[in-house]
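**Q** give me the fold of what follows.
(2 chains)
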Amino acid sequence: MIVFDHVSKRYTDGTLAVGDLSLECPTGQITVLVGTSGCGKTTSLRMINRLEEPTSGTIRVDDSDVRQSDPAQLRRSMGYVIQNGGLFPHRTIVDNIATVPRLLGAPRSAARKRARELMAMVGLPESTARRYPSQLSGGQQQRVGVARALAADPPILLMDEPFSAVDPVVRAELQQELLRLQDQLHKTIVFVTHDIDEAVKLGDRIAVMRTGGELVQFDTPDRILAAPADPFVESFLGVDRGIRRLSFFPATHLALRPAVTAAATATPAEVKSAAASADSQWVLVVDGDDRPLGWLDLGTASTGDSDRVDLASMRSIGHTFKPATDSLRAALDALVLSPASLAVAVDERGAVVGVAGHDDVERALAEQGGTP
Amino acid sequence: MMRPPAYNFTFHHISNWQWVQNHLGYFWSLSRTHLYMALASVVLGLVVALPMGVLAARVPRSYPPILAVTTVLYALPSLAVLAFLVGITGLTDNTVILPLAAYALAILVRSIADGLKNVPDEVRTAATAMGYRPVRRLVAVELPAAVPVIIAGLRVATVSSISLVTVGSLIGIGGLGQLFIAGENADFLTEILAGVVIVALWALLFDALLLLAGRLLAPWARRTA
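**A** Residues are numbered from 1 along each chain as shown, chains lettered A, B, ... in the order given. Here you go, the predicted structure:
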């Protein structure tokens, strides 16, 4: 556990970067420091490994004051990842990653062996081992940065806006990758970002900070989205915090309705009678394995006079959701994209298990105490 | 070493190949003295420039005065300095090596300081955060990352030193400049031309060697652009 105990940092020019910060970053969890630029989040992070020293207050790691430790020794026990990686341009990828084991006295061959293990762990192709950082893409460089921070297997990982400089697609990949690694490694991670979406996605706990290094709210992402402490946090969360909060509700509680389905091989008459018996304008066409193919609108589509339904007039289903693993946010998204205003739920094999409408989603929310 | 007589050929063609061929051993012996003085001055300049360049890069306030002093050194007229030094060091190689070392120093301090300053802040920060102490960080991260810029300065310093050693001959100190003086005195153009060409060839050769050394020391730099 990393504990900030009444920590303040005032620069020599009088600027207050961090004001009386008290915070506990639990062991094995991701604590995200989020806030606008100049809110002192990076300064707070840099005080943990003594890149900056507090003006007053103490920072303890597992009950020992970081200022009792030799800075270099302390830093070798904490991984550090920054924007653009901060990779050493003159070292190959494998030697970049081997940096801290080498500093700790590991023989070169052992450090390189370890580095190659880490390359595999963070998803870097073997072929990049002997290359130099400038020969890699931004996303790959960032992976090297993470691998380098993990090389000596430190219990603590400090990450300063590590994914801010890459494009959104790569960023999402890297975030997913970090969560996957964290599932295996259970590091105590302090993660700084200005991106609230990133904070919500990655954080077990989020500390929202305001200019002047003031901690405004420190809570789980769900609680912050549900009950922002004040208008600042609320405005920082943006207009769609209600929708985003749905990510924290599993779709398992959603009561599904039976879907009105028809096989792709059905005759128009069969389709009409299926729709009539359920009093529904929309019929979900499925293949031989019950996988959804599309919606048929009996109000407008011609079912044709032949002995087959006219599949060309079928409308796309948008996308499906899996009640077992997805959140209510995925269900709501499927609902919004569906021409029939019905979200299609499927099982692991992709077969239709039911549908959900607006009322069903609202009921599921109400039952879980969520009022977005 | 005595220069073998060349007067018989004075009125022959501009390039007297026979004379050149007969004096290869003489050229080689002049070249050795010449290169010794040129390279010794660069090495001496580098040794002194290293701490100065590091200081200039590390302490921002020291950069302007350090660069000012070395620039003034560079502006001193070489012949005047030589004449002055003869009174102290006598007619020795050191009289040539010392001022040339000062010129090399002026070039190298700037390359070392600028090379170190060009190392990205995030690289420096990352090195510190990985647990490098300051001296090891300088040796293992910052100087290697500055190698391409330092090598560029070293190439300029070496080429100019090889060329400037010839000035020593004006006060009678050996080296390939002897060929200019003797050729001039004897009104023998071939000898002067031989001196120019040999000096240029050595300069080109050492420039190429340093270029190659740069490629070997910093293979990563070619891909950065």
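
**Q** close to chain A: what parts of chain B are there?
**A** B:120, B:122-123, B:125-133, B:141, B:144-145, B:147, B:218-221, B:223-224 (Cβ under 8 Å from any Cβ of the partner chain). Yep, even glycine has a C-beta here, placed from its N, CA and C like the rest.

**Q** once you drop chain neighbours, what's closest to the residue in chain B that chain A sits nearest to?
**A** Nearest to chain A in chain B, going by Cβ to the nearest Cβ, is residue B:126, at a distance of 3.1 Å. Among residues not flanking residue B:126 along the chain, residue A:86 sits closest, at 3.1 Å (Cβ to Cβ, 6 or more residues apart in numbering or on different chains).

**Q** in a strand, the one you found, correct?
**A** No - Residue A:86 sits outside any strand when classified using DSSP: H, G, I helix; E, B strand; the rest coil, being coil.

**Q** tell me, how many residues neighbour residue 92?
**A** Using chain A here. Residue A:92 is flanked by 20 other residues according to other Cβ atoms under 10 Å in any protein chain shown.

**Q** nope, chain B please
**A** If we define neighbours as other Cβ under 10 Å, then residue B:92 has 12 of them.

**Q** what does residue B:134 give?
**A** Neighbour tally, residue B:134, other Cβ under 10 Å: 12.

**Q** next: residue A:289.
**A** Residue A:289: 9 neighbours (other Cβ under 10 Å).

**Q** is it true that it touches residue A:351?
**A** Yes - contact criterion Cβ atoms under 8 Å: residue A:289 and residue A:351 qualify, at 6.1 Å.

**Q** pLDDT averaged over stretch A:159-169 - what is it?
**A** In this model, stretch A:159-169 has an average pLDDT of 91.

**Q** could you do stretch A:23-40 as well?
**A** 93.

**Q** return the set of buried residues in that stretch.
**A** A:23, A:25, A:29-35, A:39-40 (16 or more other Cβ atoms under 10 Å in any protein chain shown).

**Q** now, of the residues of chain B next to chain A, which are buried?
**A** Using 16+ other Cβ under 10 Å, the buried members of the residues of chain B next to chain A are B:122-123, B:125-132, B:141, B:144-145, B:147, B:218, B:220-221.

**Q** so which of those are in strands?
**A** Among these, no member falls in strands (criterion: DSSP state E).

**Q** and those, which of them are in helices?
**A** Per DSSP state H, helices hold the following members of those: B:122-123, B:125-130, B:144-145, B:147.

**Q** mind listing the helices for chain A?
**A** A:41-48, A:71-76, A:93-97, A:99-103, A:108-121, A:138-150, A:168-185, A:196-202, A:221-226, A:231-237, A:241-245, A:268-278, A:328-337, A:358-367.

**Q** quick one: list the elements packing against the second one.
**A** In this structure, helix A:71-76 makes packing contacts with helix B:121-130, judged by 3 or more Cβ pairs under 8 Å, 6 or more residues apart in numbering or on different chains; DSSP states H and E.

**Q** the fifth one now?
**A** Other helices and strands packing on helix A:108-121, by 3+ Cβ pairs under 8 Å, 6+ apart, are helix A:93-97, helix A:99-103, helix A:138-150.

**Q** give the contact list for the residue of chain A found nearest chain B.
**A** Of all residues in chain A, residue A:86 sits closest to chain B, at 3.1 Å by Cβ to the nearest Cβ. By Cβ atoms under 8 Å, 6 or more residues apart in numbering or on different chains, the contact set of residue A:86 is A:145, B:120, B:122-123, B:125-126, B:129.

**Q** Throw these into JSON lines and include distance to residue A:325, thanks.
**A** As requested, those are arranged in JSON lines below (distance: Cβ to Cβ, whole Å):
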{"residue": "A:145", "distance to residue A:325": "30"}
{"residue": "B:120", "distance to residue A:325": "42"}
{"residue": "B:122", "distance to residue A:325": "38"}
{"residue": "B:123", "distance to residue A:325": "42"}
{"residue": "B:125", "distance to residue A:325": "40"}
{"residue": "B:126", "distance to residue A:325": "38"}
{"residue": "B:129", "distance to residue A:325": "37"}
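
**Q** and which of these is nearest residue A:123?
**A** Residue A:123 lies nearest to residue A:145 out of the contacts of residue A:86, by Cβ to Cβ, at 13.1 Å.

**Q** OK, contacts around the closest one?
**A** Here residue A:145 is in contact with A:81-82, A:85-87, A:162 (Cβ under 8 Å, 6+ apart).

**Q** please repeat the previous calculation with a cut-off of 7 Å.
**A** A:81, A:85-87, A:162 (Cβ atoms under 7 Å, 6 or more residues apart in numbering or on different chains).

**Q** mind telling me what element the residue nearest to the spatial centre of chain B is part of?
**A** Centroid check for chain B by Cα atoms, centre = their mean gives residue B:158 as the closest residue, at 2.7 Å. Assessed by DSSP states H and E, residue B:158 sits inside helix B:143-164.

**Q** so after that helix, what's the next helix or strand?
**A** Going down the chain from helix B:143-164, the next helix or strand is helix B:177-185, by DSSP H and E.

**Q** that following helix packs against which elements?
**A** helix B:189-217 (3 or more Cβ pairs under 7 Å, 6 or more residues apart in numbering or on different chains; DSSP states H and E).

**Q** any idea of the angle the helix it packs on forms with helix B:143-164?
**A** Per axes from the mean of the first three to the mean of the last three Cα atoms, to 10 degrees, the angle that helix B:189-217 makes with helix B:143-164 is 180 degrees.

**Q** show me what helix B:189-217 is packed against.
**A** So helix B:189-217, by 3+ Cβ pairs under 7 Å, 6+ apart, packs with helix B:17-22, helix B:24-58, helix B:143-164, helix B:177-185.

**Q** can you do 6 Å?
**A** helix B:143-164, helix B:177-185 (3 or more Cβ pairs under 6 Å, 6 or more residues apart in numbering or on different chains; DSSP states H and E).

**Q** what's the offset of it from the middle of its chain?
**A** 11 Å (Cα atoms, centre = their mean, to the nearest Å).

**Q** buried residues, it. List them.
**A** Buried, per 16+ other Cβ under 10 Å, within helix B:189-217: B:189-195, B:198-199, B:202-203, B:206-207, B:210, B:214.

**Q** what's the answer for stretch B:26-45, then?
**A** B:26-27, B:30-31, B:33-35, B:37-42, B:44-45.

**Q** try stretch B:69-84
**A** Buried, per 16+ other Cβ under 10 Å, within stretch B:69-84: B:70, B:73-74, B:78, B:81-82.

**Q** which of the residues you listed lies closest to residue A:73?
**A** Among those, and counting by Cβ to Cβ, the member closest to residue A:73 is residue B:70, at 38.6 Å.

**Q** before we move on, what's the pLDDT of the closest residue to the closest one other than its chain neighbours?
**A** Excluding its sequence neighbours, the residue lying closest to residue B:70 (Cβ to Cβ, 6+ apart) is residue B:106, at 4.0 Å. Listed pLDDT for residue B:106 reads 94.

**Q** who are the packing partners of whichever strand or helix holds residue B:106?
**A** Per DSSP H and E, residue B:106 falls inside helix B:93-117. Using 3+ Cβ pairs under 6 Å, 6+ apart, the elements in contact with helix B:93-117 are helix B:24-58, helix B:63-75, helix B:78-89, helix B:143-164.

**Q** and those helices, which one's lowest on average pLDDT?
**A** Minimum mean pLDDT among these: helix B:78-89, a mean of 84.
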